[in-house]
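1. Fold the following for me, if possible:
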Amino acid sequence: MRKNRLGRSSIVVSEICMGTMTFGSHSDEAEAFRIMDMAYDAGVDFYDTAEMYPVPPDAKYIGLTEEIVGRWLKTKDRDSIILGSKVAGPGHGWITPPLRSGKTGLDRHHIMRAVEGSLRRLDTDYIDLYQTHWPDPGYPHEETLAVLDELVRAGKVRILGCSNETSWGLTKSLWASDLHGLPRFDTIQNNFSLNNRRFEDELAQVCRQEQVSLLPYSPLAGGVLSGKYNDGAWPGGARFTFYLTAGERQRKIAARFVNEQAIESTRRFQAIALDAGMDVVTLAIAWCKQHDFVASTIVGATAATQMPDILAAADITLEPEILARIDQVSREIRYPMG
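-> From the prediction side, this is the model:
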């Protein structure tokens, strides 16, 4: 599997990263092990988790994903794995992480408690990539970076990243790093898919100019690009089917991902994939990883049976004519995720 560098760092990773956010809720430990083993055997050396996983956040599950990943790590050579995790930032009313009584933040108190908890659950003495999980634009970037610098100097963390960040937030943090002589964010983990190309509008240029690598999550648009929601279907056990009855925030997310435009664009991408002789899942992931500002595309699965079409993308480079057809769909259906 091809490898790419994370930002300006010394760390090089497989171009596919195994996400773990459903492990412990939608996928039990045995199935999670099967999924991670399949990824590992295919050459995936990069695994991403978070203190807040599994999602949607639930106090009865919180931290379970890291525990499962930690037990799986014991079956492998730790040096062969690049491991990412995250500290939960504030929810700002959009989400309330069921951690530390919902008072999560990106100050020294929270970051130190978060990293010690993650290291304990993962049963390791270091995390390769430590990321802020949602930003806090009202808190000084240099204060957060100074604490993260302590972790790097202590050897508990190797490099740093952010997630769900804006162009302003990423640029401001990089400026703070330069001004105060602090370590920089080498990665940004944001939503990016055939159905959500907003990252290309501004953030892609920041990443190119500043040598920050995008780690796209949800390359299948939350599973919508698999086609399982086509024709008005709400399959049992699917994420957005569950979200319909899981609270106001989840209903809003479901409506953003599953709507008439998103379904129509998915149908068109399916036709392109069929003509190219591949599953639309494979097409979507291959497209995502083919961008110059992307280092590794984060994939997810709830069952090992989903993995072959996902992993098939590693061997595919989409031809210019296929990319042109994809771009035509995106021009005709602008921002299908709203």
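2. Could I get the pLDDT score of the residue nearest to residue 67 when sequence neighbours are not counted?
-> Take residue 67 and drop its neighbours on the chain: the residue closest to it by CB to CB, 6 or more residues apart in numbering is residue 121, 4.9 Å away. To be clear about C-beta, it is placed using only N, CA and C from the backbone, and glycine gets the same treatment. pLDDT for residue 121: 98.
3. which element is residue 121 on?
-> Assigned by DSSP states H and E, residue 121 falls within helix 108-122.
4. so the next helix or strand after that helix versus helix 108-122, what angle?
-> Per DSSP H and E, helix 108-122 leads on to strand 127-133 as the next helix or strand towards the C-terminus. For strand 127-133 against helix 108-122, the angle by axes from the mean of the first three to the mean of the last three CA atoms, to 10 degrees is 130 degrees.
5. Each with direction, which strands does strand 127-133 pair with?
-> If you go by DSSP bridges, strand 127-133 pairs up with strand 82-88 (parallel), strand 157-163 (parallel).
6. what does whichever helix or strand comes after the last one rub up against?
-> Stepping forward along the backbone from strand 157-163, the first helix or strand reached (DSSP H and E) is helix 167-180. By CB atoms under 8 Å, 6 or more residues apart in numbering, the surrounding residues in contact with helix 167-180 are 135, 137, 140-142, 144-146, 162, 165, 182-185, 188, 202-203, 206-207, 210, 212.
7. And the strands in the chain?
-> 3-5, 12-14, 16-19, 46-48, 82-88, 127-133, 157-163, 185-189, 213-214, 297-299 (DSSP state E).
8. Including distance to residue 72 and mean pLDDT, could the ones you listed go into a markdown table?
-> Shown next, in a markdown table, are those (distance: least, CB to CB, whole Å; pLDDT from 0 to 100):
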| stretch | distance to residue 72 | mean pLDDT |
| --- | --- | --- |
| strand 3-5 | 22 | 98 |
| strand 12-14 | 16 | 98 |
| strand 16-19 | 10 | 98 |
| strand 46-48 | 9 | 99 |
| strand 82-88 | 11 | 98 |
| strand 127-133 | 15 | 98 |
| strand 157-163 | 20 | 98 |
| strand 185-189 | 21 | 98 |
| strand 213-214 | 25 | 98 |
| strand 297-299 | 16 | 98 |
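9. for the ones you listed, which one sits closest to residue 321?
-> In terms of CB to CB, the element of the strands of the chain nearest to residue 321 is strand 297-299, at 21.9 Å.
10. Who are the packing partners of the closest one?
-> In this structure, strand 297-299 makes packing contacts with strand 16-19, helix 280-289, judged by 3 or more CB pairs under 8 Å, 6 or more residues apart in numbering; DSSP states H and E.
11. Okay, now stretch 45-64: how far is its last residue from its first?
-> In stretch 45-64, first residue to last residue: 21 Å (CA to CA, to the nearest Å).
12. Quick check: buried residues in that stretch?
-> Using 16 or more other CB atoms under 10 Å as the test for burial, stretch 45-64 gives 45-57, 61-64.
13. residue contacts, the residue lying closest to residue 289 once chain neighbours are set aside?
-> Distance criterion CB to CB, 6+ apart; nearest residue to residue 289, sequence neighbours excluded, is residue 297 at 4.4 Å. By CB under 8 Å, 6+ apart, the residues touching residue 297 are 15, 16, 17, 215, 216, 219, 285, 288, 289, 313.
14. wait, what's in contact with the residue most central in space within the chain?
-> A centroid search over the chain (CA atoms, centre = their mean) returns residue 217, at 3.3 Å, as the residue closest to the centre. Neighbouring residues of residue 217 by CB under 8 Å, 6+ apart: 19, 163, 189, 190, 191, 192, 298, 300.
15. ditto for residue 250
-> Residues in contact with residue 250, defined by CB under 8 Å, 6+ apart, are 56, 242, 243, 244.
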